[in-house]
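1. Build me a model:
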Amino acid sequence: MSKFMQKFHFPRLTTKHLAFNAVIAALYFVLSYYLQPLSFGAIQFRVAEAMTILPLFNPYNIIGLTVGCLVTNLLSPFGAADIVVGTLATLIAGCLTYACRKRPLVGAAFPVLVNAILLPFVWALSGAPEAYIVNFSTVLVSQAVIVYCLGIPLYHALKRTKLFREA
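-> Residues are numbered from 1 along each chain as shown. Okay, the predicted model is just below:
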């Protein structure tokens, strides 16, 4: 194991991690795709974002979330901007969430804040730069509702299972 991985407490990547990430990515996509009216836009309740708490368990869960977000954003009405910025937001938030894995409520704040800061740029690039503050506010509230009302209870439920063990 490399010194980098040891320093940041990365567990050894296993076939189980890869399989879990495939399931995470697929579940993220399915939840977003079948709930499309809620999943895209300035006022969005993307239910799949409840899974952004998964890096609290394992840093490799960031991969599944990022891939799931990327595939979902390929269908976004906001095009390339959402594919790049939205996916990057998920990657950054996942890394920051993992960094705060010892404090779940703090770790859960990063998907809320990173999305609220970065996603309004998608709409600004799509022709509505004057609405950044409004979009920031709506994403902040909608993301907080999903992460804290669905994600944190999901974290506590998964924590009791044998499938998810903290790294």
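
2. and stretch 116-125, which residues are buried?
-> Ala116, Leu118, Leu119, Pro120, Phe121, Val122, Trp123, Ala124, Leu125 (16 or more other Cβ atoms under 10 Å). Every residue, glycine included, has its C-beta placed from N, CA and C.

3. what's around Thr14, how many residues?
-> 10 (other Cβ atoms under 10 Å).

4. what's the closest of the buried residues of stretch 116-125 to Asn61?
-> Nearest to Asn61 among these: Leu118, at 20.1 Å, using Cβ to Cβ.

5. how much space is there between that closest one and Cys100?
-> Going from Leu118 to Cys100 by Cβ to Cβ, to the nearest Å gives 18 Å.

6. Figure out how far the helix ranked longest in the chain is from the centre of its chain.
-> Counting by DSSP state H, the longest helix found in the chain is helix 15-34. Distance of helix 15-34 from the chain centroid (Cα atoms, centre = their mean, to the nearest Å) equals 12 Å.

7. Next: stretch 99-110.
-> Centroid displacement of stretch 99-110 relative to its chain, using Cα atoms, centre = their mean, is 13 Å.

8. just stretch 78-92 next, same as before
-> Centroid separation for stretch 78-92 versus its chain: 11 Å, with Cα atoms, centre = their mean.

9. For that stretch, buried residues please.
-> Phe78, Ala81, Asp82, Ile83, Val85, Gly86, Thr87, Ala89, Thr90, Leu91, Ile92.

10. Tell me, what's the model's pLDDT at the closest residue to the fourth one other than its chain neighbours?
-> Just to be clear, that refers to Ile83. Of all residues not flanking Ile83 in the chain, Asn73 sits nearest, at 4.7 Å (Cβ to Cβ, 6 or more residues apart in numbering). Asn73 is assigned a predicted lDDT (pLDDT) of 91.
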